[in-house]
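1. sequence unavailable; structure follows:
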């Protein structure tokens, strides 16, 4: 199999001709629409309406959003610019309260930029820091892909959940970076992608981006994954992570835990691919992770078409927790971390100095 | 809790004023529309378009469909009536090839009716046999409910999958009969209903019929069930069955097996509620059950709205197989059958003489 270079493919967002351009993910898979975001209001709207989503992509969007704000408001003095950056970091950083990367990236750009002596230097520092965040994300994706492809060298059939690829990051992705790297190396890889109710990121986004890159993909209902695992249709499960506790318990998109249980029952390895910034050392185990419940209407209708009685009660958790005992290994930019995960995660974080930003 | 009597509630279909009336299940939950089916073409269309679905309801619909055919064509002689019944049994009985109950019920009505000496007697015998099939189904539902309610006397929170209630049968249902019987007895029962992709029978039908009867119900994504089980939100899982092999391996709507694995991991009992006619003694184990794959478009769109790239490859099995080792017990009209299921199923079938019709 041969797939294009990353430079020839679309990622969630990029800085193009000194402007922020994002793919409007709410229009996929029907339409591929690129938006140029030239105001802070447009950046915030894109984040809140999930036109941009995925933790690493949100961080990059928030970081570049501060530069957009400087360009929109053109502060006259360094003092005005610093005050503006404070406000922007607050407004953009809290556009989605549960997106930790967003606030972290916005603060990082502000902190770097306020050191500038005049408005031009402040703008230059802000852009440099934002582009550094993008470059670090792209680099982490690349390394996750390389470590994962080495680990899964003999794996051809991968089951994944949700979207963890070019649309969730500014690079190859996390779990999907492993897939892309295997494919780029010539392996006959194929992906079983669960549709991922309620928001259908697997059906709408993963199926689209893999097909777009020429990687064979088959879509299945979330409820069919256990059956695919039992039937011997899968060599390995590889998923991303929203947050990883210090002991390796992993919070990820709702449905992940069920796949992990079914993989164990079928004797199939279950990998979590994520940058070390996903590790939250301040959370000892999955028991400490608060499960966000989302709007009931996500289960009462699909794309506006009613699918249930309009007033039915709903339980709609955004993610679930997979206990570390079900995780074969973590694939990170620092390498493949194996059980006991509490120990290997701590060692990896000491080695890189990464991740501790999330420990508060 | 107090719920209405069955006579005050709607079931999938009934013989009303000497006509066949069915609820159009494709219109639920948005509209409650009753159709009077007065031609064979209308009966076949209702079956093929899933306006009527659920194995017991299909059997009843097919049986009464033969009477509809006699009334539509008004044969002049007994000989004409018998030839007509042969054709009707063939046409209606094969309207959905995989619906075993349909062919079985149609043949049963034909075989009973052809013994009549004149057209009036033939019509009378056909109607009597069709109504006997309805009455037997209703009675089996009632007994399943009673046995199940006794078994699950102390269970309040039940997770179920797909639709196995009044809309799938002509009575209280199978798995949902257990729920209704517990509720009618005053137990504070509540149901977690999985939406059941791809055809959303849980969201569209189970949520509607439980709310309609006043039974508390909460809807969740299929992928959230494992999490609900792990979180201690469920006392027992109760599902129906499409086919049960001689050893107790159970084929049911896709997604069931995953719930069974997650229930075992959480130490929560997993029950299958079904009439003995669901047992297929001709199939030794689940390995012998052929898995029907359905149309890819079921996963490419929901209610007509696109949810995936239009040409994406799809794996869309209609059902999966839960190994008997994961089944706590079968709840049947003959009582609760416990492991070893191969032995208790065989004993139950010897006791009633039922089920062997499905052994071919």
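-> Perfect, I can see it now. A quick note: this is a predicted structure, and the numbers were derived from the prediction, not measured.
2. what's the nearest residue to residue A:133 if we skip its chain neighbours?
-> With Cβ to Cβ, 6 or more residues apart in numbering or on different chains as the criterion, residue A:133 has its nearest non-adjacent residue at 4.6 Å, and that residue is residue A:63. C-beta coordinates here come from the backbone N, C-alpha and C atoms, glycine included.
3. now do the helix or strand containing that neighbour: which elements does it pack against?
-> Using DSSP states H and E, residue A:63 sits in helix A:55-73. Helix A:55-73 sits against strand A:13-16, strand A:19-23, helix A:40-48, helix A:78-93, helix A:100-113, helix A:119-151, with contacts defined as 3 or more Cβ pairs under 8 Å, 6 or more residues apart in numbering or on different chains; DSSP states H and E.
4. what about the closest residue to residue A:274 other than its chain neighbours, how many residues close to it?
-> Computed as Cβ to Cβ, 6+ apart, the closest residue to residue A:274 that is not its neighbour in sequence is residue A:241, at 4.0 Å. Neighbours of residue A:241 under the rule other Cβ atoms under 10 Å in any protein chain shown: 25.
5. mind putting the helices and strands packed on helix A:55-73 into CSV with mean neighbour count?
-> Listed next are the helices and strands packed on helix A:55-73 as CSV, based on neighbours: other Cβ atoms under 10 Å in any protein chain shown:
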stretch, mean neighbour count
strand A:13-16, 17
strand A:19-23, 20
helix A:40-48, 19
helix A:78-93, 19
helix A:100-113, 23
helix A:119-151, 20
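6. and those, which one's lowest on average pLDDT?
-> In terms of average pLDDT, helix A:100-113 trails the rest of these, at a mean of 94.
7. just checking, what packs against that helix?
-> helix A:55-73, helix A:78-93, helix A:119-151.
8. measure how the first one sits relative to helix A:40-48, angle-wise.
-> Taking axes from the mean of the first three to the mean of the last three Cα atoms, to 10 degrees, one finds helix A:55-73 and helix A:40-48 inclined to each other by 170 degrees.
9. list the buried residues for helix A:55-73?
-> A:55-72 (16 or more other Cβ atoms under 10 Å in any protein chain shown).
10. how about the contacts made by the residue nearest to residue A:274?
-> A:174, A:250-252, A:272-274, A:278 (Cβ atoms under 8 Å, 6 or more residues apart in numbering or on different chains).
11. secondary structure class of it, three-state.
-> coil (DSSP: H, G, I helix; E, B strand; the rest coil).
12. how close does it sit to chain B?
-> Residue A:241 is 15 Å from chain B, where distance means Cβ to the nearest Cβ, to the nearest Å.
13. quick check on that residue: phi, psi?
-> For residue A:241, the backbone dihedrals (degrees, to the nearest 10) come out as phi -150, psi 140.
14. would you confirm that residue A:310 contacts residue A:300?
-> Yes: between residue A:310 and residue A:300 a contact is recorded at 6.2 Å, counting by Cβ atoms under 8 Å.
15. between the two, which one's more packed in?
-> More crowded of residue A:310 and residue A:300, by other Cβ under 10 Å: residue A:300, with 22 against 11.
16. which residue packs closest to the more buried one, ignoring adjacent ones?
-> Residue nearest to residue A:300 in three dimensions, not counting chain neighbours: residue A:308, with 4.8 Å by Cβ to Cβ, 6+ apart.
17. the one you found reaches residue B:195, doesn't it?
-> Yes: because the distance of 7.1 Å satisfies Cβ under 8 Å, residue A:308 is recorded as touching residue B:195.
18. which residues touch residue A:318?
-> When contacts are counted by Cβ under 8 Å, 6+ apart, residue A:318 touches A:98, A:253-254, A:291-294.
19. would you mind trimming these to those in range of chain B?
-> Restricting these to those near chain B by Cβ under 8 Å from any Cβ of the partner chain leaves residue A:254.
20. what pLDDT is listed against residue A:357?
-> For residue A:357, the pLDDT comes out at 38.
21. secondary structure element for the residue lying closest to residue A:296 once chain neighbours are set aside?
-> Spatial nearest neighbour of residue A:296, excluding adjacent residues (Cβ to Cβ, 6+ apart): residue A:314 at 3.7 Å. Remark: residue A:314 resides in strand A:313-315, with elements defined by DSSP H and E.
22. and the contacts of that strand?
-> Here strand A:313-315 makes contact (Cβ under 8 Å, 6+ apart) with A:293, A:296, A:298-300, B:192, B:216-220, B:224, B:228, B:233.
23. of those residues, keep whichever come out buried.
-> Those of the contacts of strand A:313-315 that meet the buried threshold are A:296, A:298-300, B:192, B:217-220, B:224, B:228, B:233, by 16+ other Cβ under 10 Å.
24. most widely separated two among those?
-> Greatest spacing in the buried ones among the contacts of strand A:313-315, by Cβ to Cβ: A:300 and B:233 (19.9 Å).
25. any idea how far residue A:301 lies from chain B?
-> 9 Å.
26. quick one: distance of stretch A:322-331 to the chain centre.
-> In terms of Cα atoms, centre = their mean, to the nearest Å, the centre of stretch A:322-331 is set 18 Å apart from its chain centre.
27. give the contact list for the closest residue to chain B within the stretch 101-250 of chain A.
-> Closest contact between the stretch 101-250 of chain A and chain B, by Cβ to the nearest Cβ, is at residue A:223 (2.6 Å). Neighbouring residues of residue A:223 by Cβ under 8 Å, 6+ apart: B:194, B:196-197, B:222-223, B:254-256, B:258.
28. which two among those residues are spaced furthest apart?
-> For those, the maximum inter-member distance is 14.0 Å, found between B:223 and B:256 (Cβ to Cβ).
29. closest one of the contacts of residue A:318 to chain B?
-> Closest to chain B, out of all of the contacts of residue A:318 and judged by Cβ to the nearest Cβ, is residue A:254, at 5.2 Å.
30. cross-check the contact I'm expecting between the closest one and residue A:322.
-> No: look at residue A:254 against residue A:322 with Cβ under 8 Å: they stay out of range, at 11.2 Å.
31. quick check, central residue of chain A?
-> residue A:54 (3.4 Å; Cα atoms, centre = their mean).
32. excluding sequence neighbours, find me the nearest residue to that one.
-> residue A:168 (2.7 Å).
33. OK, contacts around the closest residue to chain B within the stretch 1-150 of chain A?
-> Residue nearest to chain B within the stretch 1-150 of chain A (Cβ to the nearest Cβ): residue A:29, separated by 4.4 Å. Neighbouring residues of residue A:29 by Cβ under 8 Å, 6+ apart: A:203-205, A:207-208, B:306, B:308-310.
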